[in-house]
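Colleague: Return atomic coordinates for the entry below.
(one chain, ligands or ions: 3)
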Amino acid sequence: MPSPRTVGSHAILLLSRCGRQLGDVASRRSLYSAAPIADLAAQSLSAGFRDIGCSRRQRKLSAMDTQLRGLQISTPDVLDLKNTPTVGGGVGDTFGEDAATEDQTLTPWTRIVASGSELLRDPRYNKGLAFTEEERDRHYLRGLLPPTIISQELQVERVLQNVRSYKNPLEKYIALMDLQERNERLFYKVLMEHVEELLPIVYTPVVGEACQKYGNIFRRPHGLYISLKDRGNVLDLLKNWPEKNVEVIVVTDGERILGLGDLGLHGMGIPVGKLALYTALGGIRPSSTLPIAIDVGTNNETLLKDPFYIGLRQKRATGKEYDALLDEFMNACKQAYGEKVLVQFEDFANHNAFRLLQKYATTHLVFNDDIQGTAAVALAGLVAALPITGGTLADHKFLFLGAGEAGTGIAEIIALEVSKQGKTSVEEARKAISLVDSKGLVTKSRYESLQEHKRPYAHDLPPAQDLLSAVKALKPTVLIGTSGKGGTFTREVLEEISSYQDKPIIMALSNPTSQSECTAEEAYKYTKGKCVFASGSPFGPVTYEGKTYVVGQSNNCYIFPGIGLGCIISGAIRVHDDMFLAAAEALAKQINEDHLAKNQLYPAFSEIREISAHIGAAVAAKAYELGLATRLPQPKDLFAYAKSCMYSPNYRKYR
Ligand SMILES: NC(=O)C1=CN([C@@H]2O[C@H](COP(=O)(O)OP(=O)(O)OC[C@H]3O[C@@H](n4cnc5c(N)ncnc54)[C@H](OP(=O)(O)O)[C@@H]3O)[C@@H](O)[C@H]2O)C=CC1
Ligand SMILES: CC(=O)C(=O)O
Ligand SMILES: [Mg+2]
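Modeller: Numbering: from 1, shown residues only. Ligands and ions are numbered 1, 2, ... in the order given. Just a heads-up that it's a prediction; the model follows:
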């Protein structure tokens, strides 16, 4: 057995051969004694050290691995790196962050062992003024920081005070994005501990404004940009992303950003925001998330003329050119990150959304959030409302304004759920659901000209040109807005529905707030306090005739983080519709008598981590039941397991 010093010098030699970064740190600074160097080397090897990307390096690493194993280097500080998460989030524990308890020290891996100004500039490991005296000594931070040491809790207070001092919501957004780039754990701690206050900033509605002005507020790039120019090289682009253990990708082509239309590459704000919620709400480790915007051009003339537009200045590519890029992208995702990388399609226009989902659902782990996530969250709200309205889902009559991704996605899940309750077929259940699109009521007489996703709802009904006529003719008990057009639930429509229905359910789901079909106040006022209301973007409580109603936010952000968590902890290979039913059921179960007394159809976001763990466990259980899970054996207590895998934003101690 060689002495530690010998092992250490071997390790230094090997490391300096394998890649300049780690070797540089070791030899340049003699920072570590021989034995810890051996530990570092062994850690990097047992973790696969996948950050050293090229295959030549990988071959060298594998040779090193063999040599180091020959030296019998033990790795006392590194626990089972594969599968025993305790704190820290995620299951692909490449860096050993999860396996270590909060009391144990861990190495702040970047591509090098970060120290000095590099450590301060690395958002994953930077702690700002919270670096301890010891850490300041060990990591060459002396002089680079003022002498004060403050706690992470105090930093949270300071950030909040700053964010609150901005009057303009967009300034708050910029401040939070800057923080995310500077100090990731602090960003997530602030967001998680003040989620109700900050969600409307990092997500709808303010993220909508941020996307509209993305070129103007652009500072540093977030996420990965893939354009038509990158045809043939998409895999290389993915390799440029610094993280190698990506587990969740959110991708958009920017054509239907919220209800704001085609924002081209400025749509990047959406994947960035959604993935921040995967971490903050669903506990997915940030390093395993990857926001992607695909640039195939834009048809938005204003953007094409805008000097600050960040995307290609050309009209959108369509047909074969579009499909070829998307196909290359989807295949590259699997090549780069393996079969089980989850790809969430977000804010694609419906002419691509439905067909992309259909095309890749059987070959990739994919889902479309606007179709399926929205369906699940709406279903949860409807189920939660039943104790207020009385009856079962099958007793209701549904009318949608908007027959696109969100509208038909929700319609389909309602029909599926009603049919699963055993009383009727999906086809029969669809008969209680009608859709109004931009041309009026979807009817049989329009069948030939209808897009495929609307056809199942082309019932044999007389035509109706607008929503009010459709409401009068059909007398729905539930009205759902998914049109992306603000103010379309007019006073007349709301008065009409409450004229024949005691407790109509009104869901104005379009985002951002400006596109909401009506406000919460309008809903309660024009139905004379009769309705049960939920909305896609946040509204404060409404008091009508002395009674205060809490407005639940029917937004897919309740669902997608739990879907991601459930897929990851079960090692799911495909996303199945039944997982969305399971997610909806788990969410609806969170509603109790207290919520119902205030007409609140969704739980408070302050409870969201617990809720996401319930949803994640339900989704994982469904994956096991359907034979789609690969993480075996199945953990006995999926809820406890889900919780144990969730990322904690608390600072870690650095050796
Ligand atoms: N709360 C949530 O979680 C979610 C909310 N949404 C919101 O829902 C909205 C729609 O999204 P999505 O379904 O993906 O978009 P789509 O583009 O797929 O669908 C929009 C639908 O609205 C119809 N429409 C447009 N204008 C009118 C109008 N004036 N009157 C009646 N119908 C109209 C369109 O008609 P046509 O088919 O004739 O063009 C189309 O059927 C957006 O605002 C989005 O932000 C989306 C996902 C999740
Ligand atoms: C919430 C969401 O996904 C949307 O409005 O598109
Ligand atoms: Mg969306």
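
Colleague: Gln314 and Asn350, how far apart?
Modeller: Plainly put, Gln314 is 22 Å away from Asn350 if you go by CB to CB, to the nearest Å. Every residue, glycine included, has its C-beta placed from N, CA and C.

Colleague: now the helices for the stretch 501-650 of the chain?
Modeller: 520-526, 560-570, 577-588, 593-597, 608-625, 638-644 (DSSP state H, counting those that start in this stretch).

Colleague: Distance to ligand 1 for those helices - can I get that in CSV?
Modeller: CSV is the format used below for the helices of the stretch 501-650 of the chain (distance: least, CB to the nearest ligand atom, whole Å):
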stretch, distance to ligand 1
helix 520-526, 14
helix 560-570, 9
helix 577-588, 12
helix 593-597, 19
helix 608-625, 15
helix 638-644, 22
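
Colleague: domain assignment for the chain?
Modeller: Annotated domains of the chain cover 1-78, 155-364, 372-556 [automatic domain parsing].

Colleague: follow-up on the earlier one: among the helices of the stretch 501-650 of the chain, which is the most enclosed?
Modeller: Of those, the one with the most neighbours on average (mean count of other CB atoms under 10 Å) is helix 560-570, at a mean of 30.

Colleague: now that helix, how far from the centre of its chain.
Modeller: In terms of CA atoms, centre = their mean, to the nearest Å, the centre of helix 560-570 is found 10 Å from the chain centre.

Colleague: got the angle for it vs helix 577-588?
Modeller: Going by axes from the mean of the first three to the mean of the last three CA atoms, to 10 degrees, helix 560-570 is angled at 120 degrees with respect to helix 577-588.

Colleague: Kindly calculate the angle that helix 560-570 makes with helix 608-625.
Modeller: Using the same axes, to 10 degrees, the inter-axis angle of helix 560-570 relative to helix 608-625 is 50 degrees.

Colleague: Could I get the CA-only coordinates of helix 560-570 as PDB?
Modeller: C-alpha atoms of helix 560-570 as PDB (Å, rounded to 0.1, in the frame of the first residue of the first chain):
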ATOM      1  CA  PHE A 560     -45.200  20.200 -13.500                       C
ATOM      2  CA  PRO A 561     -42.700  20.300 -10.600                       C
ATOM      3  CA  GLY A 562     -44.400  17.200  -9.100                       C
ATOM      4  CA  ILE A 563     -44.500  15.500 -12.500                       C
ATOM      5  CA  GLY A 564     -40.700  16.100 -12.800                       C
ATOM      6  CA  LEU A 565     -40.000  14.900  -9.300                       C
ATOM      7  CA  GLY A 566     -42.200  11.800  -9.800                       C
ATOM      8  CA  CYS A 567     -40.500  10.900 -13.000                       C
ATOM      9  CA  ILE A 568     -37.000  11.400 -11.600                       C
ATOM     10  CA  ILE A 569     -37.500   9.400  -8.400                       C
ATOM     11  CA  SER A 570     -39.100   6.500 -10.200                       C
END
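
Colleague: What parts of this protein come near ligand 3?
Modeller: Along the chain, the residues adjacent to ligand 3 under the rule CB under 5 Å from the ion are Asp347, Asp370.

Colleague: switch to 6 Å and redo it
Modeller: Glu346, Asp347, Asp369, Asp370 (CB under 6 Å from the ion).

Colleague: To Tyr624, which of the domains of the chain lies closest?
Modeller: In terms of CB to CB, the element of the domains of the chain nearest to Tyr624 is domain 155-364, at 14.7 Å.

Colleague: What is the end-to-end distance of the closest one?
Modeller: This stretch, domain 155-364, spans 41 Å end to end (CA to CA, to the nearest Å).

Colleague: quick check, it touching ligand 2?
Modeller: Yes - using CB under 6 Å from any ligand atom, domain 155-364 reaches ligand 2 at Thr204, Leu258, Asp347.

Colleague: The first one: which element?
Modeller: For Thr204, there is no host helix or strand (DSSP states H and E).

Colleague: Could you export the helices of the stretch 501-650 of the chain as JSON lines, including mean pLDDT?
Modeller: As requested, these are exported to JSON lines (pLDDT from 0 to 100):
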{"stretch": "helix 520-526", "mean pLDDT": "98"}
{"stretch": "helix 560-570", "mean pLDDT": "98"}
{"stretch": "helix 577-588", "mean pLDDT": "98"}
{"stretch": "helix 593-597", "mean pLDDT": "97"}
{"stretch": "helix 608-625", "mean pLDDT": "98"}
{"stretch": "helix 638-644", "mean pLDDT": "98"}
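
Colleague: Can you say which of those helices is nearest to His139?
Modeller: Comparing the helices of the stretch 501-650 of the chain by CB to CB, helix 638-644 comes nearest, at 29.3 Å.

Colleague: can I get the CA coordinates of that closest one in CSV?
Modeller: Extracted C-alpha coordinates of helix 638-644, given in CSV (Å, rounded to 0.1, in the frame of the first residue of the first chain):
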residue,chain,number,x,y,z
LEU,A,638,-42.6,7.1,-1.9
PHE,A,639,-43.7,10.3,-0.2
ALA,A,640,-40.8,10.1,2.3
TYR,A,641,-38.5,9.2,-0.5
ALA,A,642,-39.7,12.2,-2.6
LYS,A,643,-39.1,14.5,0.3
SER,A,644,-35.7,13.2,0.9
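
Colleague: just how off-centre is it within its chain?
Modeller: On the basis of CA atoms, centre = their mean, helix 638-644 sits 19 Å off its chain's mean C-alpha point.

Colleague: Output the contacting helices and strands for that helix.
Modeller: helix 560-570, helix 608-625 (3 or more CB pairs under 8 Å, 6 or more residues apart in numbering; DSSP states H and E).

Colleague: Need the helices of the stretch 501-650 of the chain in CSV (columns: distance to Val113).
Modeller: Output for the helices of the stretch 501-650 of the chain, formatted as CSV (distance: least, CB to CB, whole Å):
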stretch, distance to Val113
helix 520-526, 52
helix 560-570, 28
helix 577-588, 40
helix 593-597, 49
helix 608-625, 31
helix 638-644, 28
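
Colleague: Looking at those, spot the one closest to Lys127.
Modeller: The nearest among these, by CB to CB, is helix 608-625 at 22.2 Å.

Colleague: That closest one: how far from the chain's middle?
Modeller: Mean-position distance between helix 608-625 and its chain equals 15 Å (CA atoms, centre = their mean).

Colleague: Summarise which helices and strands it is packed against.
Modeller: With contacts defined as 3+ CB pairs under 8 Å, 6+ apart, the packing partners of helix 608-625 are helix 269-282, helix 560-570, helix 577-588, helix 638-644.

Colleague: What average pLDDT does the host helix or strand of Lys172 get?
Modeller: Using DSSP H and E, Lys172 falls within helix 169-182. Here helix 169-182 scores 98 as its mean pLDDT.

Colleague: can I get the CA coordinates of the helix or strand just after it in PDB?
Modeller: From helix 169-182 onward toward the C-terminus, using DSSP H and E, the following helix or strand is helix 184-193. Output of helix 184-193 as PDB, limited to C-alpha atoms (Å, rounded to 0.1, in the frame of the first residue of the first chain):
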ATOM      1  CA  GLU A 184     -28.000  30.500  -6.600                       C
ATOM      2  CA  ARG A 185     -28.700  29.100  -3.100                       C
ATOM      3  CA  LEU A 186     -29.600  32.500  -1.800                       C
ATOM      4  CA  PHE A 187     -31.900  33.100  -4.700                       C
ATOM      5  CA  TYR A 188     -33.800  29.800  -4.000                       C
ATOM      6  CA  LYS A 189     -33.900  30.400  -0.300                       C
ATOM      7  CA  VAL A 190     -35.500  33.800  -0.800                       C
ATOM      8  CA  LEU A 191     -37.900  32.400  -3.400                       C
ATOM      9  CA  MET A 192     -38.900  29.300  -1.300                       C
ATOM     10  CA  GLU A 193     -39.400  31.200   1.900                       C
END
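
Colleague: in the chain, what spans have low per-residue confidence?
Modeller: Where the chain drops to pLDDT under 70, the residues are 1-99, 106-112.

Colleague: run the last query once more with 90
Modeller: Residues of the chain that meet the criterion pLDDT under 90 lie in 1-115, 219-221, 244, 422-423, 655.

Colleague: Provide a list of residues in contact with the closest residue to ligand 1 within the stretch 401-550 of the chain.
Modeller: Residue nearest to ligand 1 within the stretch 401-550 of the chain: Gly404 (1.9 Å; CB to the nearest ligand atom). Counting by CB atoms under 8 Å, 6 or more residues apart in numbering, Gly404 makes contact with Asn350, Asp437, His453, Thr482, Gly484.

Colleague: Alright, that wraps it up for me.
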